[in-house]
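**Student:** need a 3D model of the following:
(3 chains)
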Amino acid sequence: MELLLQQVMAGLAAGSIYACMALSVVMIYQAIDHLNFAQGEMAMFSTFIAWQCMQWGLPYWLAFIVAVVVSFIGGVLIERVLFRPIHNAPVLSNLVAFIALYGILNSGAGYLWDFTIKQFPTPFGTKPIFANGLMDAHEAGMIGVTLVLLALLYVFFRGTRLGLAMRAAAANPESARLVGIRVGWMTALGWGMAAAIGAVAGMLIAPVVFLEPNMMLGVLLYGFAGAVLGGLTSPGGAVAGGFAVGVIENLAGTFIPYVGRELKLTIALILIVAVLMVRPSGLFGRNVVSRV
Amino acid sequence: MIKLSRRSILAAAPAALALRVYPACAKDYGPGVTDTEIKIGNTVPYSGPASPYGTIGKAQAAYYKMINDKGGINGRKINFISYDDAYSPPKAVEQVRKLVEQDQVLFVESPLGTPTNSAIWAYMNQKKVPQLFVATGATKWNDPKGHPWTMGWQPNYQSEGRIYATYILKEKPEAKIGVLFQNDDFGKDYLKGLKDGLGEKNAKMVAVEGPYETTDPTVDSQIVSMKSAGCDVFVNCGTPKFAAQGIRKAAEIGWKPLHVLSSVGNSVGAALKPAGLDNSKDIVSDFYLKDPTDTAWKDDQGYKDWVAFMDKYYPEGDKTDGGNITGYSQAQTAVQVLTQCGDNLTRENVMKQAANLKDFVLPMCLPGIKLNTSPTDFAPMKQVQMGRFDGTRWQLFGSLIAGAVEHT
Amino acid sequence: MTVQSEESVTVPTAPAVTDITVTRPGGLRVTARHLLIGAAVLVGLILPWMVQSFVMFQLTQVMIYGLAILGLNLLTGFNGQFSLGHSAFYGIGAYTAAILMSRYDMNYALTLPAAGGVCFIVGFLFGLPALRLQGLYLALATFALAIAMPQILKFHPLEGLTGGVQGLVVIQPDPPALLSFLSSDQWLYYFTLSVILVMFAAAANLVRSRTGRAIMAIRDHPIAAAATGINTAVYKTLTFGVSALYTGVAGALGALAVAFVAPDSFSFLLSVSFLVGLVIGGVGSIPGCLFGGLFVLYVPNIAESISTGLAGAIYGAILLLVIFVMPSGAAGFCRYAVAYIRRSRTPRNANQH
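**Tutor:** Numbering: from 1, shown residues only, chains lettered A, B, ... in the order given. Predicted coordinates:
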């Protein structure tokens, strides 16, 4: 029983990473209607920028703000320069553009900062907050920040005019234009916000997994899985999905005899696909109804 | 192309590998050699998930540049051609074929990775091109009978695993062991060595096997399982990132086992420091190369030479990265072989000289370690020494331990 | 005489006729397209005598990747089902061939249909639950397959069959006695070329047939297709099976060419390569697949030769450039170019009368 509890806690702690990433993924999906393969690399690059600022002597919070602002601007620029010219191209071409962006950011980070792992500080400290240290202050802080971000996004999208405009621009660009929304800039804004959220996610994740150019690949995979499990139209679902993936994977690895250890990722993914069989739009996603 | 002389054709017979060095009075050239140049090939992952190892290739290239600046080997400059194989076996085959068939290199030096080397193994031996000092510790490279053109370099993983087993049996004969290892050939080789070293009756000592994939973000779950199962020995065979995660998580959950760390993940700068130097106290590991981040070597001449080399020829290289020592040392071994060849630079003689290293000392190997090869022994480095971390640096203890596992 | 030929050229229905693929009884239409294909095959036949052995190895791989991409194209390009899991089918095909050859001493030529058969079954079985999933959710499900494959191949209890993490060595086939003047590499090249020709022709045939039209209808207007009586479920799962078959055969050929299979060769990164090849070649274009294969093999080498440190970044930059210039891939670009040339010739025709 104790092991179960411990693994659930460890799963939640790992899941907080995936939830953060999943939120970022769904955020950009809602803004641009595409899954961004390069989301993880953008987050990683932003974290490196923060790290570099700290190497140059800036204190943590200043570096944090610099990284978020630079990421926001970077996201807007990427949309304007790279994706605007091809937004009429087929979906798959856009996908390849994301893959290209992945390559550029990953290779660039490796070139600039090397592949040795680096420590990244946490503003929350590392004091364990449960007796046997299964969750420390940082991991709890990460969960807290993710939930706060989720709440802020919810309020933004449902309660503000700008949020409504962004949702309209993503859902139905033609109609949105007709009511006077500047769809192009809404998309750019969406990218900027997604990049900024990604930066926050990266800076929360790096203290746990150590900062290096390849740190986000696994996180992105699990983040995607969590986002899809929860439903790509539901930020709350994505967060729940992220936690679920963390816990499922840990439990599968520990308790399924013989196969669990070696195949835990496979088992987690099979479970997710099974869930999708029953609820094809994810646990909390809305079924998209299209007119014939 | 310079024609091969009759003598070198005779030398191609495997029996000739057992002959002693004959005087190199005439010039004998294999492919890729002229009076002024020797072409050497290499493949390393410069891209893809294994790209951290790309620095090994860059360090080698820098070393050869230094040798060329000093006049080359016996008056010939080294033309080092290194291609990216992205750690992918099909790509490795493609690049090695390019090296052999288009670039016409004399031999391929230190291709990296077990699956990639496995993929080119048959080809290299079929084409009779030396596959020297492969940058992987898998045990199968020491096979002079079956694969006379392939030679390993570093102490192999199974030997290391056995050495850990011997150490554990001595220190904690009733232990429960948890093993963290990468779920691929190199990780499984360590596990096999450990289990073989423990022997049949002690196999049950391994209570928790904790494999991880390189795409796993953390290894927390494995560590938690080990503590939960009551393990009191932790054999940590992870690469630096995962080894560090293991060390840190163990400390975080208050688990204090006898911690045996493999040589792959024991760099102070690349693994212990991020994990926390305090968390790393009393960890035991094995070494064959000097750790560049260990202040113990501060005044050592070999270390100082290496730093000077890095400063001048590879300034953008990371001096905390053990890969830069591996590449440097591998290149030095190749240079020794070429020097021994003199003017007889055929592939057969290169292989013969590689199988003829006698007490060769590498400046960045631990003091006392000597490379030895013979026609029946293709494992140049067999010795390691154990060390314990005292919170600031590694303190070596005991004497050099030898252990070469023959190809099974 | 010139007046007569002018008249025949200016018959208004002439441009339309060449586009319709109605076969006339007894006639053999030789169009520009046929000439191009014939020329390409001819070049393919004489290439081995003009290039070095390892370039032949590369070209063999180009054809193999082209075939694998064709498999993906059938599913994603022609049927609209998004798959990120074709590396799994490629791996299954490769391992089937490797296991049959090394453990059961099967003749290498027989391993191709065996690999195709196994993959068809797996693809079909996977297509069944895939019916419930759309778009990105299907992408994740196929992605899960791609990620699971290396893990399954490394799985300890299966090691006796698969060789586990060490992989399996495959012996490269020798040319048959009749053609013993060919080297092993040349024979493999011609063998692959013949397989490619047969399978590409079959795919082209499929696409132009009623079945092909049904498949494409499902892609474009699934609801309308169902309304006209097309059994979408059957077509979709069969397409999944056929697509997996094509990529599986490519995998088997790949195992023969590289002479080695290992679990980590078949990771999801390979799926990503297939996707890139598909898009660059042109989604929904059969000859485009070969261009995609060419791109996926050679462009990383080009990027590497420019800078080893930033190879990935340069590759990404080249990808972006190609997408900007040819958003619909090479095939789309060719179509655009041909249409442009045709358009610039019509004023002449229009002014005739």
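
**Student:** who are the contact partners of the residue nearest in space to the middle of chain B?
**Tutor:** In chain B, the residue lying closest to the centroid (CA atoms, centre = their mean) is B:Gln154, at 4.0 Å. Taking CB atoms under 8 Å, 6 or more residues apart in numbering or on different chains as the criterion, B:Gln154 is in contact with B:Ala135, B:Gly137, B:Tyr288, B:Thr326, B:Met381. Placement of C-beta: from N, CA and C, glycine included.

**Student:** looking at the residues you listed, which is nearest A:Gly144?
**Tutor:** Among those, B:Thr326 lies closest to A:Gly144 (CB to CB), at 43.0 Å.

**Student:** ok, now which ones touch that closest one?
**Tutor:** Taking CB under 8 Å, 6+ apart, one finds B:Ile56, B:Ala59, B:Ala135, B:Gln154, B:Leu289 in contact with B:Thr326.

**Student:** now do C:Phe268
**Tutor:** Taking CB under 8 Å, 6+ apart, one finds C:Leu84, C:Gly85, C:Ser87, C:Phe143, C:Ala146, C:Ile147 in contact with C:Phe268.

**Student:** cutoff 10 Å now
**Tutor:** Contact analysis of C:Phe268 by CB atoms under 10 Å, 6 or more residues apart in numbering or on different chains lists A:221, B:215, C:84-88, C:142-150.

**Student:** low-confidence ranges, the chain, go.
**Tutor:** No chain specified, so I'll use chain A. Low-confidence segments of chain A (pLDDT under 70): A:126-134, A:257-258, A:260, A:287-292.

**Student:** please go with chain C instead
**Tutor:** By pLDDT under 70, the low-scoring segments of chain C are C:1-30, C:347-353.

**Student:** swap the cut-off to 80 and go again
**Tutor:** Chain C contains residues with pLDDT under 80 at C:1-33, C:52, C:134-136, C:156, C:179-180, C:308-309, C:346-353.

**Student:** where do the strands of it begin and end?
**Tutor:** Ranges of strands within chain C are C:168-169, C:260-261, based on DSSP state E.

**Student:** so what are the sheet partners of the first one and their directions?
**Tutor:** Looking back up the chat, that one is strand C:168-169. strand C:260-261 (antiparallel) (DSSP bridges).

**Student:** ok, back up a step: out of the strands of chain C, nearest to A:Thr47?
**Tutor:** Comparing the strands of chain C under CB to CB, the one sitting nearest is strand C:260-261, at 37.2 Å.

**Student:** list of residues touching that closest one?
**Tutor:** Contacts for strand C:260-261 (CB under 10 Å, 6+ apart): B:89-90, B:92-93, B:115-116, B:118-123, C:91, C:94-99, C:102, C:153, C:162-163, C:167-170, C:251, C:254-255.

**Student:** buried subset of those residues?
**Tutor:** Buried members of the contacts of strand C:260-261, scored by 16 or more other CB atoms under 10 Å in any protein chain shown, are B:89-90, B:92-93, B:115-116, B:118-123, C:91, C:94-99, C:102, C:153, C:162-163, C:167-170, C:251, C:254-255.

**Student:** okay, and which of the residues you listed map to helices?
**Tutor:** B:89-90, B:92-93, B:115-116, B:118-123, C:91, C:94-99, C:102, C:153, C:162, C:251, C:254-255 (DSSP state H).

**Student:** min pLDDT across the contacts of B:Gln154, which one?
**Tutor:** Taking those together, the minimum pLDDT is found at B:Gly137 (80).

**Student:** hmm, B:Gly113 and that one touching each other?
**Tutor:** No: B:Gly137 lies out of contact with B:Gly113 (CB atoms under 10 Å); the separation is 11.0 Å.

**Student:** what sits in contact with each of those two?
**Tutor:** B:Phe186.

**Student:** show me which residues of the stretch 101-250 of chain A are close to chain C?
**Tutor:** When proximity is defined by CB under 10 Å from any CB of the partner chain, the stretch 101-250 of chain A lies next to chain C at A:101-112, A:213, A:217, A:221, A:224-225, A:227-229, A:231-232.

**Student:** inside strands: which ones of those?
**Tutor:** Per DSSP E, these never map to strands.

**Student:** what about the helices in chain A?
**Tutor:** With DSSP H, the ranges of helices along chain A come out as A:2-32, A:39-55, A:60-78, A:91-113, A:137-159, A:161-171, A:173-178, A:183-209, A:216-230, A:235-255, A:260-278.

**Student:** in chain C, which residue is closest to the centre?
**Tutor:** C:Leu70 (2.0 Å).

**Student:** separation between that residue and C:Gly288?
**Tutor:** C:Leu70 is 9 Å from C:Gly288, where distance means CB to CB, to the nearest Å.

**Student:** what sits in contact with each of those two?
**Tutor:** Residues touching both C:Leu70 and C:Gly288 (CB under 10 Å, 6+ apart): C:Gly77, C:Gly277, C:Leu278, C:Gly281.

**Student:** for the third one, what are its contacts?
**Tutor:** When the contact criterion is CB under 10 Å, 6+ apart, the partners of C:Leu278 are A:92, A:95-96, C:68-73, C:75-77, C:83, C:86, C:284-285, C:288-289, C:292, C:296, C:329.

**Student:** restrict the residues you listed to those near chain B?
**Tutor:** Counting by CB under 10 Å from any CB, no member of the contacts of C:Leu278 reaches chain B.

**Student:** tabulate the strands of chain C (CSV), appending distance to B:Asp35.
**Tutor:** Below are the strands of chain C laid out as CSV (distance: least, CB to CB, whole Å):
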stretch, distance to B:Asp35
strand C:168-169, 39
strand C:260-261, 38
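
**Student:** which of the ones you listed sits closest to B:Thr392?
**Tutor:** Of the strands of chain C, nearest to B:Thr392 by CB to CB is strand C:260-261, at 45.5 Å.

**Student:** residues of the stretch 301-408 of chain B that sit close to chain C?
**Tutor:** So the stretch 301-408 of chain B meets chain C at B:Glu316 (CB under 10 Å from any CB).

**Student:** which residues of the stretch 301-408 of chain B lie near chain A?
**Tutor:** So the stretch 301-408 of chain B meets chain A at B:Glu316, B:Gly317, B:Asp318, B:Lys319, B:Thr320, B:Asp321, B:Gly322, B:Gly323 (CB under 10 Å from any CB).

**Student:** chain neighbours aside, what residue packs nearest to the third one?
**Tutor:** Just to be clear, that refers to B:Asp318. A:Asp114 (4.9 Å; CB to CB, 6 or more residues apart in numbering or on different chains).

**Student:** tell me how far the one you found lies from A:Ser46.
**Tutor:** In this structure, A:Asp114 and A:Ser46 are 17 Å apart, going by CB to CB.

**Student:** which one's more surrounded, these two?
**Tutor:** Neighbours per residue (other CB atoms under 10 Å in any protein chain shown) separate A:Asp114 from A:Ser46, with A:Ser46 holding more: 27 against 18.

**Student:** A:Ala38 is in contact with that one, correct?
**Tutor:** No: if you go by CB under 10 Å, A:Ser46 and A:Ala38 don't touch, sitting 12.0 Å apart.

**Student:** list residues touching both of these two?
**Tutor:** A:Leu105, A:Gly198.

**Student:** picking that back up, next, the residue nearest to B:Asp318: phi, psi?
**Tutor:** phi 70, psi 170 (degrees, to the nearest 10).

**Student:** OK, contacts around it?
**Tutor:** Contact analysis of A:Asp114 by CB under 10 Å, 6+ apart lists A:Glu212, A:Pro213, B:Pro52, B:Thr55, B:Glu316, B:Gly317, B:Asp318, B:Thr320, B:Asp321.

**Student:** measure it to B:Gly323 for me?
**Tutor:** From A:Asp114 over to B:Gly323 the distance is 11 Å, taken as CB to CB.

**Student:** quick check: neighbours shared by these two?
**Tutor:** Counting by CB under 10 Å, 6+ apart, the shared contacts of A:Asp114 and B:Gly323 are B:Pro52, B:Thr55, B:Gly317.

**Student:** in TSV: the residues you listed, plus secondary structure.
**Tutor:** TSV is the format used below for these (DSSP: H, G, I helix; E, B strand; the rest coil):
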residue	secondary structure
B:Pro52	helix
B:Thr55	helix
B:Gly317	coil
